[in-house]
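1. Coordinates for the following, if possible.
(2 chains)
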Amino acid sequence: MQLVGIGLIMSSCTLAGFAYDGYEGKRVKQLEQLLMGFEVIRAEIDYQLTPLGEALERASEMTNDGVNELFANFAEKLAQNNDIDTKRMWYCAIDDSKRKLSLKDEDYKVLETFGTTVGMLDKEMQKKNIDWVLSRLAQKKDVAQAMYERKSKLYRGLGVLVGLSISIVLI
Amino acid sequence: MDFSTIENVMPAHIKGMLSKTKPSLLSEIEEIRIRVGRPIIIETHSAQCGLNRDGDCDIQKSYIVTKQDIDGILKFVSGFSLYALEDELRQGYITIAGGHRVGVVGKTVIENRCVKTLRDVSGMNIRVAREVIGCSDKIIPYILRNQRLCHTLIVSPPKCGKTTVLRDMIRNLSTGFHGQGPFNVGVVDERSEIAGCYRGVPQNNVGIRTDVLDACPKVEGIYMLLRSMAPQVLAVDEIGKKADYEALEEALAVGVSILCTVHGQDVEDCYKKPVLKDMLDKGLFERVVVLSNRPMVGTVRGIFDATNNFKIIA
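-> As a prediction, this is how the structure comes out:
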C-alpha cells in the first residue's frame, strides 16, 4: 500500500512538472503563431487592402495551436454585423478563445491593444497599430523563449524531485 | 434581386423595420435615403414612403435616423475596413455585394486641393441594383450585324436603367443571341455595378464568356483587357473623361467592338461633349441607343444608326 502511495505521489509530481513545462512551451509556440498571424494581416492590409474580415480569415488559415480560432472567432463576429464596436468584439473573441490558449495575462494585455483602433481610419493607422502589437508580442516571445530554454529541464526535474522529497518525508 | 445584402448592412433595428415592409414594396424599392436627424425615405419609381417599426409608413411617421445609425451602416458597408474604401469614399460612393451603390455625403477633407477623404458622414443614398434578365432582348437584333457587334453607345439620364440594360446586353452577347455570337466579352467594372463581384466573382448573370476587371479604373482596365484577354467585345459603364475616349479609340483601332454608356438626354446631348462629338463625327460609333424612364425605367426611346445620319431604326 505504501509503495502504491509513493508511486502515485511520484507520478503525479512528475506529471505536474512536465505539464507546467508543456504549458510554457505551448505559450512560446502560440506567441510565434500570433506573430505570424499579425504579419499576415499586416501584409494583406498593406499590399492588397484586404478587408479586415478576409485578412483575419487568411491569418486563421495560416496559423494553428488555437491561435487560428482567435482570428476566426473575430472574423465571425465581424461578419455577423450585430455590433459596431470592434474593440468589444475583439475582447469577446479573446475571451472565447482563452480555453484554447496558454497565454499569460501580460500577453492578453498586449493582444487587447489591437482592438483599440482596428478597422478605423486609414491604412497607415492600421499598419502602425499592427506594428505596435507585433513589436510587443516579439518582446514577450523572446523573453518567454529564453525563460523556457533556461527553465525547461528545471521544471521537469523539479517535478521528479518534489515527488521524491514528499515520498522520503512520508516514509 | 437579392435584398438581403442591403438588409445585412443595416443596424439591427432598421433591419427589423425593413423585414416588416410589404414584399410588394421591397421588390419595387429603387432608393433608400438615410440622413442624420431626418426620416428614412424609401423611393420607388412612382412614390415615396417612410419606414418605422411597423414597416412602411407615411414619411411624417418615419424613423428619424441617428448619427450612430449612419456610423453603423458605414462600418457594415466597409466590413469594418474603411482603409479599404478610401478611393471609393473619395468618389462619394461605395458599392456593396450585389452591385448596390451606397452614395455618401459628409464633410470633405481637402489636401493639395483634392478630396483626401470624407468624414462626419451625414447622409446616404442606397441605390438598389436590379438584374432584369431579358430587358435587352429587343435591342440586341438592332446592334448585331454579320456576326459582329456594332460599336454601340447607350445614352440615358441617371435612373433610367443604363447599367441594367448594359448588364443584360453583356449577358446576351456572352451567351449568344439567336445564332449570333457568342462573344468573349471584357468588362471594366469600375464601380462594381455591372457584375456585382464579390471577392472577384460576378454575382450577377453576365454570361459564361465574360471576363470582369472589378473595381478597376476604366482607362487602365481597357488597356489591361486588350493586352491580356483578347476580348471580342469591350463593355464599360459611364464614360465621360477625355482619357476614357482615348482608351476606347485604342480598342476600336485593334478591332474590338465597343459597348458603353454615357449620361445624356438624347443624341444632341452627346454632341455637347467635345470629345464624344469628335468620336461621333468620325463615325466611331455605329449605333446609339437612347433610354428613358417614361413610362417605365429602361424604356427604349430610340435606336439610331450613327453611320446613316442618325436615322432612327427602332
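2. Sketch out the helices for chain B, chain order is fine.
-> Taking DSSP state H as the criterion, chain B carries its helices at B:4-8, B:12-19, B:23-26, B:67-78, B:86-91, B:140-143, B:162-175, B:218-228, B:242-253, B:267-271, B:274-281.
3. low-scoring pLDDT stretches of chain A, where are they?
-> For chain A, the stretches flagged by pLDDT under 70 are A:18, A:152, A:156.
4. near chain B, which residues of it?
-> Contact residues, chain A versus chain B (C-beta under 8 Å from any C-beta of the partner chain): A:45, A:49-54, A:78, A:81-82, A:84, A:86, A:118-123, A:125-126. Just so you know, the C-beta spots here come from the backbone N, C-alpha and C atoms, and that holds for glycine as well.
5. Please pick the buried ones from the residues you listed.
-> Using 16 or more other C-beta atoms under 10 Å in any protein chain shown as the burial test, the residues of chain A next to chain B include A:45, A:49-54, A:78, A:81, A:84, A:86, A:118-120, A:126 as buried.
6. Distance from the chain centre to the host helix or strand of A:Val169, please.
-> Using DSSP states H and E, A:Val169 sits in helix A:123-170. Computed by C-alpha atoms, centre = their mean, to the nearest Å, the separation of helix A:123-170 from the middle of its chain amounts to 11 Å.
7. likewise stretch A:93-104?
-> Taking C-alpha atoms, centre = their mean, the mean C-alpha location of stretch A:93-104 is offset from the chain mean by 7 Å.
8. mind saving the C-alpha coords of it as CSV?
-> Provided in CSV are the C-alpha atoms of stretch A:93-104 (Å, rounded to 0.1, in the frame of the first residue of the first chain):
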residue,chain,number,x,y,z
ALA,A,93,-13.1,36.9,-29.3
ILE,A,94,-10.1,36.8,-26.9
ASP,A,95,-12.4,35.6,-24.1
ASP,A,96,-14.0,32.9,-26.2
SER,A,97,-10.6,31.6,-27.3
LYS,A,98,-8.9,31.7,-23.9
ARG,A,99,-9.6,28.0,-23.2
LYS,A,100,-7.5,27.0,-26.2
LEU,A,101,-4.7,29.4,-25.4
SER,A,102,-1.8,29.1,-22.9
LEU,A,103,-1.0,32.7,-22.7
LYS,A,104,-0.4,34.8,-19.6
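9. In it, which residues are buried?
-> Buried-residue list, stretch A:93-104, by 16+ other C-beta under 10 Å: A:93-94, A:97, A:101-103.
10. Provide the contact partners of it at residue level.
-> Stretch A:93-104 is contacted by residues A:23, A:26-27, A:30-31, A:66-67, A:69-70, A:73-74, A:77, A:108, A:111-112 when judged by C-beta atoms under 8 Å, 6 or more residues apart in numbering or on different chains.
11. For the buried ones among those residues, write the corresponding ChimeraX selection.
-> Restricted to buried positions by 16+ other C-beta under 10 Å, the ChimeraX selection for these reads:
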select /A:26,27,30,31,66,67,69,70,73,74,77,111
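12. roughly how far apart are the closest residue to B:Arg119 other than its chain neighbours and B:Thr117?
-> In space, B:Arg119 comes closest to B:Lys107 once its chain neighbours are excluded; the distance is 5.3 Å by C-beta to C-beta, 6 or more residues apart in numbering or on different chains. From B:Lys107 over to B:Thr117 the distance is 10 Å, taken as C-beta to C-beta, to the nearest Å.
13. Mind checking which of those two has more residues around it?
-> The neighbour comparison of B:Lys107 against B:Thr117 (other C-beta atoms under 10 Å in any protein chain shown) goes to B:Thr117, with 18 against 11.
14. Spatially nearest residue to that one (excluding sequence neighbours)?
-> Nearest residue to B:Thr117 in three dimensions, chain neighbours excluded: B:Val109, at 4.9 Å (C-beta to C-beta, 6+ apart).
15. So what's the residue count around the one you found?
-> Using other C-beta under 10 Å, the number of residues around B:Val109 comes to 14.
16. Repeat that for B:Ser174.
-> Here the number of neighbours of B:Ser174 (other C-beta under 10 Å) works out to 24.
17. and if you look at B:Ile208?
-> 11.
18. show me what contacts it?
-> Here B:Ile208 is in contact with B:174-175, B:182 (C-beta under 8 Å, 6+ apart).
19. cool, and B:Gly92?
-> Applying C-beta under 8 Å, 6+ apart, the residues near B:Gly92 are B:103-105, B:118.
20. So of the buried residues of stretch A:93-104, which two are at opposite extremes in space?
-> Pairwise distances across the buried residues of stretch A:93-104 peak at 16.9 Å for A:Ala93 and A:Ser102 (criterion: C-beta to C-beta).
21. which phi and psi does the residue nearest to B:Arg171 when sequence neighbours are not counted have?
-> In space, and not counting its chain neighbours, B:Arg171 is closest to B:Gly207: 4.5 Å by C-beta to C-beta, 6+ apart. Dihedral pair for B:Gly207: phi 90, psi 170, per degrees, to the nearest 10.
22. Next to chain A in this structure, residues from chain B, please.
-> Counting by C-beta under 8 Å from any C-beta, chain B sits next to chain A at B:8-9, B:11-12, B:68, B:71-72, B:75-76, B:78-84, B:86, B:117, B:199.
23. Derive a ChimeraX selection command for the buried subset of those.
-> One line in ChimeraX is enough to select the buried members of those, burial here meaning 16+ other C-beta under 10 Å:
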select /B:8,9,11,72,75,76,78,79,80,81,82,83,84,86,117
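24. ok, the spatially closest residue to A:Ser167 that is not a sequence neighbour - contacts?
-> Once flanking residues are discounted, A:Ser167 sits nearest to A:Ile6: 4.5 Å by C-beta to C-beta, 6+ apart. Shown in contact with A:Ile6 (C-beta under 8 Å, 6+ apart): A:167, A:170-171.
25. quick one: the helices in chain A?
-> A:2-48, A:52-62, A:67-80, A:86-97, A:105-117, A:123-170.
26. In JSON lines: the ones you listed, plus distance to B:Gly123.
-> Converted to JSON lines, the helices of chain A look like this (distance: least, C-beta to C-beta, whole Å):
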{"stretch": "helix A:2-48", "distance to B:Gly123": "28"}
{"stretch": "helix A:52-62", "distance to B:Gly123": "25"}
{"stretch": "helix A:67-80", "distance to B:Gly123": "25"}
{"stretch": "helix A:86-97", "distance to B:Gly123": "24"}
{"stretch": "helix A:105-117", "distance to B:Gly123": "26"}
{"stretch": "helix A:123-170", "distance to B:Gly123": "25"}
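27. Out of those, which is closest to B:Ala47?
-> Nearest to B:Ala47 among these is helix A:67-80; the distance by C-beta to C-beta comes to 33.6 Å.
28. by contact count, what packs against the closest one?
-> Applying 3 or more C-beta pairs under 8 Å, 6 or more residues apart in numbering or on different chains; DSSP states H and E, we find helix A:67-80 packed against helix A:2-48, helix A:52-62, helix A:86-97.
29. what's the distance between B:Ile126 and B:Gly79?
-> To B:Gly79, B:Ile126 is 16 Å away according to C-beta to C-beta.
30. What is the neighbour count of B:His100?
-> Around B:His100 there are 24 residues (other C-beta under 10 Å).
31. Also B:Lys218?
-> The number of residues packed near B:Lys218 is 23, by other C-beta under 10 Å.
32. hmm, back to that, which among the contacts of A:Ile6 end up buried?
-> Buried members of these, counted by 16+ other C-beta under 10 Å: A:Ser167.
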